[in-house]
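In: mind folding the following:
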Amino acid sequence: MIDAITALNRLREGNHRFVNNLSSSEPLATHTRRAELATYQAPFAIILGCSDSRVPAELVFDQGLGDLFVIRVAGNIVAPSQIGSVEFAVSRYGTRLVVVLGHSQCGAILATLDELTHGNNESSKNIRSIVDRVKPSVEGLLHTGIRHDHDALVTEAVRANVRASANHLRHGSEIIEKLVESDGLLVVGAEYSLETGEVVFFDGVPALV
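Out: Numbering: from 1, shown residues only. Coordinates of the predicted model:
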């Protein structure tokens with residue numbers, strides 16, 4: 001089992017390769033690797049990310065088959081199914097790093113801000129279920145001076161939503177909470193930049209790491 005800090009550093013190194021257009025020295029998917037994984041898996045990190053087609057976790061972190069347990073949903077929100085998926089991976093595979101990965105210009109964030117500022121609520125009930133989960137983490141920003149700067153508002157809203165999702169995972173599951181307290185599980189928040197390809201880890205990362 002890879003510990004959380006080692007896993008975090010491995011993701012950082014992979015993202016550095018991605019940003020600098022350097023592929024891993026080993027193929028990310030081979031016939032041999034596929035055959036090895038037919039009967040087991042041991043992902044070293046769990047990524048709860050957005051469904052956005054521009055943010056595929058395996059590419060962003062330069063990882064291959066069997067390396068990451070990826071959960072994707074619009075707005076990287078946390079609902080019971082996402083919590084259950086994380087619980088499954090940390091319990092079954094012993095994975096000790098969970099990353100909530102948001103990204104710049106997230107469509108779910110933009111839709112939520114649009115509804116809050118312009119009252120646009122014409123979306124389906126299913127889309128609204130996503131927007132309604134994003135709302136609590138971002139609506140407070142509209143009562144601050146940042147509401148007058150759209151770009152800054154979107155940036156802060158993306159990060160606020162990531163923090164809320166990471167915190168929900170830390171405290172919305174007895175299984176996850178116990179593993180955080182006593183077995184080295186780490187839940188962190190990060191943001192991917194569509195413009196640069198860089199991932200910044202900004203929430204829940206231990207000091208000096």
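In: by mean pLDDT, which helix or strand of this structure comes out lowest?
Out: helix 31-36 (a mean of 86; mean pLDDT, DSSP states H and E).
In: tell me how far residue 87 lies from residue 19.
Out: Distance, residue 87 to residue 19, using Cβ to Cβ, to the nearest Å: 32 Å. (Each C-beta comes from the backbone N, C-alpha and C, glycine too.)
In: repeat for residue 195
Out: 11 Å.
In: over to residue 146?
Out: 28 Å.
In: the helix or strand encompassing residue 181 packs against which elements?
Out: Secondary structure assignment for residue 181, by DSSP states H and E: helix 174-182. Helices and strands touching helix 174-182, by 3 or more Cβ pairs under 8 Å, 6 or more residues apart in numbering; DSSP states H and E, are helix 80-92, helix 150-171, strand 186-192.
In: just the CA atoms of it, as CSV, please.
Out: C-alpha atoms of helix 174-182 as CSV (Å, rounded to 0.1, in the frame of the first residue of the first chain):
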residue,chain,number,x,y,z
GLU,A,174,-18.0,7.3,9.2
ILE,A,175,-15.7,5.0,7.3
ILE,A,176,-13.7,7.8,5.7
GLU,A,177,-13.6,9.8,8.9
LYS,A,178,-12.2,6.9,10.9
LEU,A,179,-9.5,6.2,8.3
VAL,A,180,-8.5,9.9,8.2
GLU,A,181,-8.2,9.9,12.0
SER,A,182,-6.4,6.6,12.5
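In: pull out the buried residues from that helix.
Out: Buried positions in helix 174-182, judged by neighbour count with 16 or more other Cβ atoms under 10 Å: 176, 179, 180.
In: give me the angle between it and strand 186-192.
Out: If you take axes from the mean of the first three to the mean of the last three Cα atoms, to 10 degrees, helix 174-182 sits at 100 degrees to strand 186-192.
In: average pLDDT across helix 174-182?
Out: For helix 174-182, mean pLDDT rounds to 97.
In: any idea how far it is from the middle of the chain?
Out: From the chain centre to the centre of helix 174-182 is a distance of 19 Å (Cα atoms, centre = their mean, to the nearest Å).
In: outside of that helix, which residues touch it?
Out: 83, 86-87, 90-91, 96, 98, 169-171, 185-187 (Cβ atoms under 8 Å, 6 or more residues apart in numbering).
In: just put those residues in CSV and tack on pLDDT.
Out: Listed next are the contacts of helix 174-182 as CSV, based on pLDDT from 0 to 100:
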residue, pLDDT
83, 98
86, 98
87, 98
90, 98
91, 97
96, 98
98, 98
169, 98
170, 97
171, 96
185, 98
186, 98
187, 98
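In: contacting residues around residue 87?
Out: By Cβ under 8 Å, 6+ apart, the contact list for residue 87 reads 173, 175, 176.
In: now those in JSON lines, with distance to residue 61?
Out: JSON lines is the format used below for these (distance: Cβ to Cβ, whole Å):
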{"residue": "173", "distance to residue 61": "24"}
{"residue": "175", "distance to residue 61": "25"}
{"residue": "176", "distance to residue 61": "22"}
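In: which of the contacts of helix 174-182 tops the neighbour count?
Out: Highest neighbour count within the contacts of helix 174-182, by other Cβ atoms under 10 Å: residue 98, with 28 neighbours.
In: isn't that residue right up against residue 43?
Out: No - shown here, residue 98 and residue 43 do not form a contact pair, counting by Cβ atoms under 8 Å, at 10.9 Å.
In: good, wrapping up.
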